[in-house]
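K.L.:
Please find the sequence and the predicted model below.
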Amino acid sequence: AQKVTQAQTEISVVEKEDVTLDCVYETRDTTYYLFWYKQPPSGELVFLIRRNSFDEQNEISGRYSWNFQKSTSSFNFTITASQVVDSAVYFCALIEGGSEKLVFGKGTKLTVNP
Amino acid sequence: EAGVVQSPRYKIIEKKQPVAFWCNPISGHNTLYWYRQNLGQGPELLIRYENEEAVDDSQLPKDRFSAERLKGVDSTLKIQPAELGDSAVYLCAILDRVSEKLFFGSGTQLSVL
(Lines give C-alpha, C1' and ligand atoms only; values in the text may rest on other atoms or scores of the structure.)
Protein backbone atom coordinates (compact mmCIF):
# COMPACT_ATOMS: atom_id res chain seq x y z
CA ALA A 1 0.00 0.00 0.00
CA GLN A 2 1.15 3.50 -0.68
CA LYS A 3 2.44 5.72 2.09
CA VAL A 4 3.62 9.31 2.38
CA THR A 5 5.89 10.51 5.16
CA GLN A 6 6.46 14.12 6.08
CA ALA A 7 8.93 13.90 8.92
CA GLN A 8 8.87 17.60 9.75
CA THR A 9 5.83 18.34 11.88
CA GLU A 10 6.49 22.05 12.28
CA ILE A 11 9.00 24.50 10.84
CA SER A 12 9.46 28.10 11.85
CA VAL A 13 11.54 30.55 9.81
CA VAL A 14 12.05 34.26 9.55
CA GLU A 15 10.81 36.09 6.50
CA LYS A 16 13.14 35.96 3.48
CA GLU A 17 14.73 32.72 4.58
CA ASP A 18 14.64 29.72 2.25
CA VAL A 19 12.88 26.65 3.57
CA THR A 20 12.60 23.06 2.33
CA LEU A 21 9.75 20.75 3.20
CA ASP A 22 10.58 17.07 2.95
CA CYS A 23 8.39 14.33 1.52
CA VAL A 24 9.25 10.65 1.25
CA TYR A 25 6.87 8.20 -0.37
CA GLU A 26 6.41 4.45 -0.68
CA THR A 27 4.71 2.65 -3.51
CA ARG A 28 5.06 -0.61 -5.41
CA ASP A 29 3.67 0.86 -8.60
CA THR A 30 5.89 2.16 -11.37
CA THR A 31 3.19 4.62 -12.38
CA TYR A 32 2.14 7.11 -9.75
CA TYR A 33 1.49 10.79 -9.22
CA LEU A 34 2.78 13.09 -6.52
CA PHE A 35 1.10 16.24 -5.31
CA TRP A 36 1.67 19.13 -2.98
CA TYR A 37 -1.24 21.01 -1.42
CA LYS A 38 -1.27 24.11 0.75
CA GLN A 39 -3.79 24.51 3.56
CA PRO A 40 -3.86 28.06 4.92
CA PRO A 41 -5.61 28.88 8.22
CA SER A 42 -8.88 29.32 6.34
CA GLY A 43 -8.91 25.56 5.79
CA GLU A 44 -9.25 25.00 2.07
CA LEU A 45 -6.75 22.73 0.32
CA VAL A 46 -5.03 24.60 -2.48
CA PHE A 47 -3.41 22.60 -5.26
CA LEU A 48 0.24 23.50 -5.89
CA ILE A 49 1.74 20.88 -8.16
CA ARG A 50 1.25 17.44 -9.69
CA ARG A 51 4.16 15.35 -10.90
CA ASN A 52 4.01 11.95 -12.59
CA SER A 53 6.53 9.20 -11.92
CA PHE A 54 8.01 9.35 -15.40
CA ASP A 55 8.95 12.98 -15.19
CA GLU A 56 11.89 13.58 -12.88
CA GLN A 57 12.58 17.05 -14.16
CA ASN A 58 12.60 19.55 -11.35
CA GLU A 59 10.10 22.38 -11.54
CA ILE A 60 10.23 26.00 -10.53
CA SER A 61 7.23 28.29 -10.20
CA GLY A 62 8.13 31.71 -8.91
CA ARG A 63 9.48 31.28 -5.39
CA TYR A 64 8.43 27.62 -5.31
CA SER A 65 10.52 24.73 -6.55
CA TRP A 66 10.21 20.98 -6.35
CA ASN A 67 12.95 18.34 -6.37
CA PHE A 68 11.75 14.89 -7.42
CA GLN A 69 14.27 12.07 -6.92
CA LYS A 70 13.07 8.54 -7.60
CA SER A 71 16.33 7.07 -6.31
CA THR A 72 15.48 8.26 -2.81
CA SER A 73 11.67 8.25 -3.23
CA SER A 74 11.54 11.90 -2.33
CA PHE A 75 9.60 14.87 -3.59
CA ASN A 76 10.83 17.88 -1.64
CA PHE A 77 9.39 21.36 -1.82
CA THR A 78 11.45 24.53 -1.41
CA ILE A 79 10.18 28.03 -0.85
CA THR A 80 12.76 30.70 -1.64
CA ALA A 81 12.68 34.02 0.16
CA SER A 82 9.73 33.00 2.32
CA GLN A 83 6.95 35.44 3.12
CA VAL A 84 4.45 35.66 5.96
CA VAL A 85 1.68 34.66 3.54
CA ASP A 86 3.43 31.33 3.04
CA SER A 87 2.42 30.36 6.58
CA ALA A 88 0.21 27.29 6.22
CA VAL A 89 0.18 23.54 6.53
CA TYR A 90 1.65 21.85 3.49
CA PHE A 91 0.66 18.34 2.47
CA CYS A 92 2.43 15.94 0.19
CA ALA A 93 0.22 13.29 -1.41
CA LEU A 94 0.41 10.29 -3.71
CA ILE A 95 -1.91 8.48 -6.13
CA GLU A 96 -0.91 5.09 -7.48
CA GLY A 97 -1.56 4.64 -11.17
CA GLY A 98 -4.54 2.35 -11.04
CA SER A 99 -5.98 3.56 -7.78
CA GLU A 100 -7.31 7.11 -7.98
CA LYS A 101 -7.09 7.18 -4.20
CA LEU A 102 -5.10 10.17 -3.00
CA VAL A 103 -3.10 9.36 0.13
CA PHE A 104 -1.79 12.28 2.17
CA GLY A 105 1.11 12.72 4.51
CA LYS A 106 0.45 14.20 7.93
CA GLY A 107 1.51 17.63 6.82
CA THR A 108 4.16 20.16 7.79
CA LYS A 109 3.09 23.34 9.50
CA LEU A 110 5.18 26.23 8.25
CA THR A 111 5.26 29.48 10.18
CA VAL A 112 7.00 32.44 8.61
CA ASN A 113 7.66 35.18 11.10
CA PRO A 114 8.14 38.82 10.11
CA GLU B 1 -10.71 25.10 -12.42
CA ALA B 2 -13.41 22.90 -10.95
CA GLY B 3 -15.64 24.32 -8.22
CA VAL B 4 -16.76 22.34 -5.19
CA VAL B 5 -19.21 23.92 -2.78
CA GLN B 6 -19.78 22.38 0.62
CA SER B 7 -22.37 23.20 3.22
CA PRO B 8 -22.65 23.93 6.01
CA ARG B 9 -19.27 25.49 6.72
CA TYR B 10 -19.55 24.75 10.43
CA LYS B 11 -21.76 22.42 12.45
CA ILE B 12 -22.00 21.97 16.20
CA ILE B 13 -24.10 19.13 17.56
CA GLU B 14 -24.46 17.08 20.70
CA LYS B 15 -23.33 13.48 20.70
CA LYS B 16 -25.89 10.92 19.55
CA GLN B 17 -27.51 13.47 17.24
CA PRO B 18 -27.60 12.95 13.46
CA VAL B 19 -25.77 15.27 11.08
CA ALA B 20 -25.53 15.64 7.31
CA PHE B 21 -23.05 17.33 5.02
CA TRP B 22 -23.63 18.40 1.44
CA CYS B 23 -21.27 18.58 -1.50
CA ASN B 24 -22.24 20.39 -4.68
CA PRO B 25 -19.58 20.12 -7.37
CA ILE B 26 -19.94 21.63 -10.78
CA SER B 27 -21.19 18.99 -13.20
CA GLY B 28 -19.03 16.94 -15.52
CA HIS B 29 -16.79 15.21 -13.00
CA ASN B 30 -17.45 11.54 -12.51
CA THR B 31 -15.13 10.89 -9.56
CA LEU B 32 -16.05 12.33 -6.17
CA TYR B 33 -14.38 11.80 -2.82
CA TRP B 34 -15.22 12.36 0.82
CA TYR B 35 -12.25 12.82 3.12
CA ARG B 36 -12.07 13.34 6.88
CA GLN B 37 -9.34 15.47 8.40
CA ASN B 38 -8.70 15.20 12.11
CA LEU B 39 -6.95 18.04 13.88
CA GLY B 40 -3.25 18.09 13.08
CA GLN B 41 -3.51 15.25 10.57
CA GLY B 42 -3.70 14.83 6.83
CA PRO B 43 -7.03 14.07 5.15
CA GLU B 44 -8.05 10.42 5.09
CA LEU B 45 -10.34 8.91 2.48
CA LEU B 46 -13.79 7.83 3.59
CA ILE B 47 -15.44 7.00 0.28
CA ARG B 48 -14.93 7.40 -3.46
CA TYR B 49 -17.67 7.55 -6.08
CA GLU B 50 -17.62 6.92 -9.79
CA ASN B 51 -20.85 8.52 -10.94
CA GLU B 52 -23.53 7.10 -8.59
CA GLU B 53 -21.52 4.06 -7.56
CA ALA B 54 -19.41 3.89 -4.42
CA VAL B 55 -16.28 2.13 -5.69
CA ASP B 56 -14.19 2.41 -2.52
CA ASP B 57 -15.91 2.63 0.86
CA SER B 58 -13.53 0.38 2.74
CA GLN B 59 -12.69 3.11 5.26
CA LEU B 60 -16.21 4.31 5.86
CA PRO B 61 -17.52 3.33 9.34
CA LYS B 62 -20.69 1.81 7.99
CA ASP B 63 -22.36 1.32 11.35
CA ARG B 64 -22.95 5.05 11.64
CA PHE B 65 -21.84 6.67 8.38
CA SER B 66 -23.71 6.65 5.11
CA ALA B 67 -23.31 8.48 1.84
CA GLU B 68 -25.10 8.85 -1.43
CA ARG B 69 -24.57 10.53 -4.75
CA LEU B 70 -27.77 10.90 -6.66
CA LYS B 71 -27.60 11.47 -10.42
CA GLY B 72 -23.83 11.37 -10.24
CA VAL B 73 -23.42 15.02 -9.27
CA ASP B 74 -24.29 16.20 -5.74
CA SER B 75 -23.45 14.08 -2.73
CA THR B 76 -24.41 13.86 0.93
CA LEU B 77 -22.55 12.32 3.85
CA LYS B 78 -24.49 11.45 7.00
CA ILE B 79 -23.54 10.40 10.49
CA GLN B 80 -26.12 8.86 12.78
CA PRO B 81 -25.57 8.90 15.68
CA ALA B 82 -22.55 11.18 16.00
CA GLU B 83 -19.85 10.44 18.54
CA LEU B 84 -17.32 12.73 20.18
CA GLY B 85 -14.55 11.23 18.02
CA ASP B 86 -16.32 12.31 14.84
CA SER B 87 -15.25 15.91 15.42
CA ALA B 88 -13.19 16.75 12.34
CA VAL B 89 -13.29 18.59 9.05
CA TYR B 90 -15.13 16.71 6.31
CA LEU B 91 -13.83 17.49 2.85
CA CYS B 92 -15.38 16.79 -0.52
CA ALA B 93 -13.23 16.63 -3.66
CA ILE B 94 -13.63 15.93 -7.33
CA LEU B 95 -11.15 14.60 -9.85
CA ASP B 96 -10.71 16.70 -12.94
CA ARG B 97 -9.65 14.16 -15.54
CA VAL B 98 -8.41 16.77 -17.98
CA SER B 99 -5.83 18.19 -15.59
CA GLU B 100 -5.70 15.02 -13.44
CA LYS B 101 -5.95 17.13 -10.33
CA LEU B 102 -8.14 16.80 -7.26
CA PHE B 103 -10.00 19.94 -6.31
CA PHE B 104 -11.33 20.29 -2.79
CA GLY B 105 -14.19 22.18 -1.26
CA SER B 106 -13.69 24.33 1.83
CA GLY B 107 -14.95 21.55 4.06
CA THR B 108 -17.46 21.26 6.89
CA GLN B 109 -16.00 21.60 10.35
CA LEU B 110 -17.95 19.36 12.71
CA SER B 111 -17.82 19.71 16.47
CA VAL B 112 -19.54 17.04 18.53
CA LEU B 113 -20.09 18.06 22.15
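P.N.:
Now that the structure is in, tell me what you want to look at.

K.L.:
Spatially central residue in chain B, please.
P.N.:
The centre of chain B sits closest to B:Trp34, judged by C-alpha atoms, centre = their mean, with a distance of 3.2 Å.

K.L.:
Tell me the pLDDT of that one.
P.N.:
Note for B:Trp34: predicted pLDDT of 97.

K.L.:
repeat for B:Ala2
P.N.:
55.

K.L.:
Excluding chain neighbours, what is closest to the residue in chain A that chain B sits nearest to?
P.N.:
Scanning chain A for the residue nearest chain B gives A:Phe104, at 3.3 Å (criterion: C-beta to the nearest C-beta). Placement of C-beta: from N, CA and C, glycine included. Distances taken as C-beta to C-beta, 6 or more residues apart in numbering or on different chains place B:Gly42 nearest to A:Phe104, at 3.3 Å, with adjacent residues excluded.

K.L.:
If you tally nearby residues, what's the number for that neighbour?
P.N.:
Per other C-beta atoms under 10 Å in any protein chain shown, the neighbour tally for B:Gly42 reads 22.

K.L.:
quick one, phi psi at residue 85?
P.N.:
With no chain named, the answer covers chain A. Main-chain torsions, A:Val85, degrees, to the nearest 10: phi -70, psi -10.

K.L.:
That was the other one, I meant chain B.
P.N.:
phi -70, psi -10.

K.L.:
separation between the closest residue in space to it that isn't next to it in sequence and B:Asp57?
P.N.:
Closest residue to B:Gly85 apart from its sequence neighbours, by C-beta to C-beta, 6+ apart: B:Val112 at 7.8 Å. Per C-beta to C-beta, to the nearest Å, B:Val112 is found 22 Å from B:Asp57.
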